[in-house]
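Chemist: All I have is the shape, not the residue letters:
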């Protein structure tokens with residue numbers, strides 16, 4: 001069973017990924033960039049490349065992103081459902097709800 005802290009990190013990782021994609025001009029990024037973003041001072045969620053890929057696979061299975069490319073270079077694009085989650089217009093129990101933006 002996953003502990004509460006690990007579950008909270010996963011929920012925040014998923015939201016951070018979707019918010020970054022929503023803010024990207026083409027709603028697209030890749031595993032390497034997303035891992036760097038999650039580890040940045042602005043986000044601060046310690047994340048390995050494997051953890052990022054695992055979260056992207058989960059987000060793809062649930063219909064919030066699409067994945068293309070090879071396993072060693074995955075390209076991810078937010079779906080309209082993923083953008084709705086990032087903006088707080090929709091919610092999912094396994095993704096942190098965004099705080100109101102100023």
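Modeler: Alright, I've got the coordinates. No experiment lies behind these values; they were computed from the predicted model shown.
Chemist: got the contact list for the longest helix that the chain contains?
Modeler: Longest helix of the chain, by residue count under DSSP state H: helix 4-23. Contact partners of helix 4-23, identified using CB atoms under 8 Å, 6 or more residues apart in numbering, comprise 2, 27-29, 34, 37-38, 43, 45, 47, 51-52, 55-56, 58-59, 64-65, 76-78, 82-83, 85-87, 94-98. Backbone N, C-alpha and C define where each C-beta goes, glycine included.
Chemist: Buried residues, it. List them.
Modeler: 9-22 (16 or more other CB atoms under 10 Å).
Chemist: and stretch 24-34, how far from the chain's centre?
Modeler: 10 Å (CA atoms, centre = their mean, to the nearest Å).
Chemist: That stretch: end-to-end distance?
Modeler: 11 Å (CA to CA, to the nearest Å).
Chemist: So the nearest residue to residue 69 once chain neighbours are set aside, which state does it fall into?
Modeler: In this structure, residue 69 finds its nearest non-sequential neighbour in residue 75, 4.5 Å apart by CB to CB, 6 or more residues apart in numbering. Assigned with DSSP: H, G, I helix; E, B strand; the rest coil, residue 75 falls in the strand class.
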